[in-house]
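>>> mind looking at a prediction? Sequence and model below.
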Amino acid sequence: MEDSLLVLGVKPTAQWANGDIVPVYLQEQLGDVAKADFSAGLPTPEVVASYKPDLIVLGNSYYADNGVYEQYAKIAPTYAFKQSSSDLNGSLRKLGELLGKSQEAEQALSDYQRKVEEARIKLAPVAEGKKAVIIRMNDRGIFLMGGDYYGGYVLAQDLGFGKIKFVEKESSADLSLEMLPELDADYIFIANHAGTGDAFLKELESSPLWRNLPAVKEDRVFKIANDAWLNGGLIAGGNVIDEVVELLAP
């Protein structure tokens, strides 16, 4: 939840990391912040204590299972969200309440809504009645991102693009080459996570089924390098909005 903390003007004492991988889009503000490595699971109580926190926030309730909450709570006051990423506005407000930053939270939400409304006006000529999808790939495969979280939420909920049928009611779905003829997207955004999906990207782009898609033929496929698309928060959402506007309605 580093994104939301920064929105509130609070710099965390440690940031999430998977080995050396951190949210790149936040590193201008977090470049000097210690990395809490989650690659082998939650940091141990000893590691958490070494950061000398005044407050410990768990973004998901399952992080609190198996006695973790009780162990962390011995270090500092601890709060566990049920699922912070499924309700970014609500979780930002709660975080603001916990930190005495409720006014900052409301101002940030108001500013973000204004940004959304301005973007919708700019995008209206190219977005109305159109469907968009994010194809996410990594070393495990190729996936479709639905409209419930991260960049998919921004496209569907904030900017009003329609959802393709494969993720109309799903948060995500595996994508196989055989499914391509039914990929009913007007705009396709490809997020290749830190280049780990290069082999799958090559396979996708070499497929005749891919090259026959209307979005491909009409140059409406965009490769996204900004990892804000794969993270949640108002900073991430703002980055996604800026990029969509720049690509579709410059």
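Yes, it's here. Numbering: from 1, shown residues only.
>>> going forward, measure contacts and count neighbours with C-alpha atoms only.
Noted.
>>> what sits closest to K35 if chain neighbours are left out?
Distances taken as Cα to Cα, 6 or more residues apart in numbering place Q15 nearest to K35, at 5.1 Å, with adjacent residues excluded.
>>> hang on, that neighbour in a strand?
Yes: with DSSP: H, G, I helix; E, B strand; the rest coil as the criterion, Q15 is part of a strand.
>>> so how far is the longest helix anywhere in the chain from its chain's centroid?
Ranked by residue count, the top helix of the chain under DSSP state H comes out as helix 102-127. Computed by Cα atoms, centre = their mean, to the nearest Å, the chain-centroid distance of helix 102-127 equals 17 Å.
>>> same question for the helix or strand just after it, mean pLDDT?
Sequence order places strand 132-138 as the next helix or strand after helix 102-127, per DSSP states H and E. Strand 132-138 carries an average pLDDT of 96.
>>> who does strand 132-138 touch, helix- and strand-wise?
Other elements packing on strand 132-138 under the criterion 3 or more Cα pairs under 8 Å, 6 or more residues apart in numbering; DSSP states H and E are strand 141-145, helix 150-153, strand 187-192, helix 198-205.
>>> for the last one, the distance to its chain's centre please.
Taking Cα atoms, centre = their mean, one finds the center of helix 198-205 at 22 Å from the center of the full chain.
>>> now that helix - C-alpha only, PDB.
In PDB, the C-alpha atoms belonging to helix 198-205 read as follows (Å, rounded to 0.1, in the frame of the first residue of the first chain):
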ATOM      1  CA  ASP A 198       9.400 -12.400 -23.800                       C
ATOM      2  CA  ALA A 199       9.100 -16.000 -25.000                       C
ATOM      3  CA  PHE A 200       5.300 -15.800 -24.700                       C
ATOM      4  CA  LEU A 201       5.200 -12.400 -26.500                       C
ATOM      5  CA  LYS A 202       7.200 -13.800 -29.400                       C
ATOM      6  CA  GLU A 203       4.900 -16.800 -29.600                       C
ATOM      7  CA  LEU A 204       1.800 -14.500 -29.600                       C
ATOM      8  CA  GLU A 205       3.100 -12.000 -32.200                       C
END
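>>> give me the contacts around that helix.
For helix 198-205, the external contacting residues (Cα atoms under 8 Å, 6 or more residues apart in numbering) are 137-139, 141-142, 177, 192, 210-211.
>>> 10 Å - rerun?
135-142, 176-177, 180, 190-192, 195, 197, 206, 210-211, 216 (Cα atoms under 10 Å, 6 or more residues apart in numbering).
>>> what's the nearest residue to A108 once chain neighbours are set aside sitting at in phi/psi?
Spatial nearest neighbour of A108, chain neighbours left out: V7 (6.9 Å); criterion: Cα to Cα, 6+ apart. When read as degrees, to the nearest 10, the backbone of V7 gives phi -60, psi -40.
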